[in-house]
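# The sequence isn't on hand, but the structure is:
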RNA sequence: GGUCUCGUGGCCGAGUGGUUAGGCAAGGCUCUGCAAAAGCCUGUACAGCGGUUCGAAUCCGCUCGAGACCUCCA
């Protein structure tokens, strides 16, 4: 069905993608914990997987894309003294936990929509799947992979190791892990330091709690993904994605839970998107080194010199490979924005191209398009895809002087494919066309009058008058473009 | 401290055992009343030191530097 290759973290190799039940593809991505606003780093991860989702669809797959909302809150740490993050924030703001969840879920959706990310097929919540999580615990208990201690249930690494390797995803050995384990207060209930909680008995101050056979408590933080991916995609499915920081321990534990409960690890391909850094440091809610994706659109941040369009930001992100660390800076974003605008302008030229020249051009359209596909097939190499789009720009420019380059149908074909790659695959919405049609119409008519006036001034060589018009418009963000066929304008 | 990843031209950022990534910036030119925009041309890089090889920036070792994970985090 395709020649897509994906880098699988489990095997550490580039593997040809073969869907388990083509043309259906099951894809699970770890979603956000909704106790605060998503930051730009989170956004990058979700846009990376949006790119994958879009490309799989582009290839003709029918994708069921499941991305969870973690609304049950996780422990602060693995100790009994741990506090539910959502409950903590709720007390801080004097709000109900679910009020916090609602607020930040809506905020998350707004950001995803603003950046033109396609919604997942299913967006299950952890609190909506407590029953499934408890069923999973029961299964693990029955099979001996878990044990109960003082109302809490833990996953037993020692039992697991008798049948399966642990650490295969993150490439860690048990010895390494044990060396790195800290002695925390309250870990005494665990039989082994690497055991992790499946169910935690709630402390009195814990607000979010559910009754269970073991205690009134709440599920462990690795459990929801195992429960929900199994429920909606089956015990074996195609792709599991998430941020690089989730590889260990979250995905490692998830994998162990899956294997313990079903015998299957879950996904056949484990994908990890790399971090976005700010000032060379990882962006994280907990350290305050963050950038709000909405601030980029308004320019309201100490890190920004101006506002950017969502498309420019997406373009910036896709100019780097999803498995590379990308460092954010205002100047890097500005550079990306310029290139992005040039690309859009080039497509606009193609749209307005008169039907002249031969039917077929000399430019090798097929080879170019194949190179675009090849780039994406190589583990979603969007930087190379974008480089190819710039190659097309050169052909379009050459065609302006010599219509033999693209030809009439060649030009149409190229435009169609560029739109597919830009809009459909890279998710760069044609933003300037969609919104404010009424304003656009009004501005166009006003500008035609102004440009007409200026043209008259130029014809009489009244340079001071024509330049004054140009300067005034420039102050308002309108750039006048003088060309051989008269003047036009664009918004800065 | 342990595990791992990375270090590319002024900046961002792909890729690769022997052939131009691309973008931004810069310089030159074309166009232009001037400017802007646009187009064309130019740049010869791959942390350092050794090694393997006919040949390495690409493989191996060491050194230096950066980052991630080991603890909630996309």
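Cool, got the structure. This structure is a prediction, so every number in the text was calculated from the model and none was measured.

# So what's the predicted local confidence for the closest residue to RNA strand B within the stretch 151-300 of chain A?
Nearest residue of the stretch 151-300 of chain A to RNA strand B, counting by C-beta to the nearest atom of the strand: residue A:243, 1.6 Å away. For glycine as for every other residue, the C-beta is placed from the backbone atoms N, C-alpha and C. Note on residue A:243: pLDDT of 94.

# What of the one 10 residues further on?
Residue A:253 is assigned a predicted lDDT (pLDDT) of 95.

# Not counting its neighbours along the chain, what's nearest it?
Excluding the flanking residues, the one nearest residue A:253 by C-beta to C-beta, 6 or more residues apart in numbering is residue A:222, at 3.9 Å.

# for residue A:4, same thing?
residue A:17 (4.3 Å).

# Show the contacting residues for the one you found.
A:2, A:4, A:5, A:6, A:238, A:269 (C-beta atoms under 8 Å, 6 or more residues apart in numbering).

# Could you tell me which of the residues you listed belong to strands?
A:5, A:6, A:238, A:269 (DSSP state E).

# didn't residue A:486 look like it was pressed against residue A:452?
No: counting by C-beta atoms under 8 Å, residue A:486 sits too far from residue A:452 to count as a contact (9.6 Å).

# show me the contacts for the residue of the stretch 151-300 of chain A closest to RNA strand B.
By C-beta under 8 Å, 6+ apart, the neighbours of residue A:243 are A:30, A:41, A:42, A:45, A:272, A:273, A:275.

# part of a helix, is residue A:427?
No: counting by DSSP: H, G, I helix; E, B strand; the rest coil, one finds residue A:427 to be coil, located in no helix.

# and it, how many neighbours?
21 (other C-beta atoms under 10 Å).

# Quick check: the gap between the residue lying closest to it once chain neighbours are set aside and RNA strand B.
Nearest residue to residue A:427, sequence neighbours excluded (C-beta to C-beta, 6+ apart): residue A:116, at 4.9 Å. Distance of residue A:116 to RNA strand B, given as C-beta to the nearest atom of the strand, to the nearest Å: 18 Å.

# tell me the residue furthest from the middle of chain A?
Most distant from the centre of chain A: residue A:460, at 55.0 Å, with distances by C-alpha atoms, centre = their mean.

# mind checking pLDDT for it?
Reported pLDDT for residue A:460: 91.

# Phi, psi for it please.
For residue A:460, the backbone dihedrals (degrees, to the nearest 10) come out as phi -90, psi 10.

# Kindly provide the distance from it to RNA strand B.
11 Å.

# Spell out which residues sit in contact with residue A:396, please.
A:346, A:349, A:350, A:406, A:414.

# Find the residue closest to the first one in space, skipping its chain neighbours.
Nearest in space to residue A:346, with sequence neighbours left out and distances taken as C-beta to C-beta, 6+ apart, is residue A:393 at 4.4 Å.

# ok, how many other residues are close to the one you found?
Residue A:393 is flanked by 19 other residues according to other C-beta under 10 Å.

# which SSE is it in?
According to DSSP states H and E, residue A:393 maps onto helix A:382-401.

# now residue A:488
strand A:486-491.

# That strand and RNA strand B, are they touching?
No: in terms of C-beta under 7 Å from any atom of the strand, no part of strand A:486-491 sits within range of RNA strand B; the closest distance is 7.7 Å.

# Just the residues contacting that strand, thanks.
A:447, A:451, A:454, A:455, A:473, A:477, A:478, A:479, A:480, A:481.

# Wait, a strand at the last one?
Yes: with three-state DSSP as the criterion, residue A:481 is located in a strand.

# list the contacts for the closest residue to residue A:28 other than its chain neighbours?
Once flanking residues are discounted, residue A:28 sits nearest to residue A:229: 4.3 Å by C-beta to C-beta, 6+ apart. Residue A:229 makes contact with A:28, A:66, A:237, A:240, A:258, A:266, A:267, according to C-beta under 8 Å, 6+ apart.

# hmm, which two among the residues you listed are most spread apart?
A:66 and A:258 (14.4 Å; C-beta to C-beta).

# What helix or strand is the residue in the stretch 251-400 of chain A positioned nearest to RNA strand B located in?
Going by C-beta to the nearest atom of the strand, RNA strand B is nearest to residue A:339 of the stretch 251-400 of chain A, at 2.6 Å. Take DSSP H and E as the rule and residue A:339 turns out to sit in helix A:330-351.

# Pick the one among the contacts of residue A:17 closest to residue A:298.
residue A:6 (35.8 Å).

# re the thing from before, run through the bridge partners of the residue of the stretch 151-300 of chain A closest to RNA strand B.
For residue A:243, the beta-bridge partners are residue A:273 (DSSP bridges).

# could you dump the contacts of residue A:243 to JSON lines with neighbour count, distance to RNA strand B and pLDDT?
Formatted as JSON lines, the contacts of residue A:243 follow (neighbours: other C-beta atoms under 10 Å; distance: C-beta to the nearest atom of the strand, whole Å; pLDDT from 0 to 100):
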{"residue": "A:30", "neighbour count": "22", "distance to RNA strand B": "5", "pLDDT": "96"}
{"residue": "A:41", "neighbour count": "25", "distance to RNA strand B": "2", "pLDDT": "93"}
{"residue": "A:42", "neighbour count": "22", "distance to RNA strand B": "4", "pLDDT": "94"}
{"residue": "A:45", "neighbour count": "26", "distance to RNA strand B": "4", "pLDDT": "96"}
{"residue": "A:272", "neighbour count": "22", "distance to RNA strand B": "8", "pLDDT": "95"}
{"residue": "A:273", "neighbour count": "25", "distance to RNA strand B": "6", "pLDDT": "95"}
{"residue": "A:275", "neighbour count": "20", "distance to RNA strand B": "4", "pLDDT": "92"}
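
# Same list, those residues, but as JSON lines with distance to residue A:298 please.
Putting these into JSON lines (distance: C-beta to C-beta, whole Å) gives the following:
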{"residue": "A:30", "distance to residue A:298": "28"}
{"residue": "A:41", "distance to residue A:298": "19"}
{"residue": "A:42", "distance to residue A:298": "18"}
{"residue": "A:45", "distance to residue A:298": "22"}
{"residue": "A:272", "distance to residue A:298": "31"}
{"residue": "A:273", "distance to residue A:298": "26"}
{"residue": "A:275", "distance to residue A:298": "24"}
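
# Go through these and name the one nearest residue A:211.
For the contacts of residue A:243, the nearest to residue A:211 is residue A:30 (26.9 Å; C-beta to C-beta).

# Once you drop chain neighbours, what's closest to that closest one?
Nearest to residue A:30 is residue A:242, by C-beta to C-beta, 6+ apart, at 3.8 Å.
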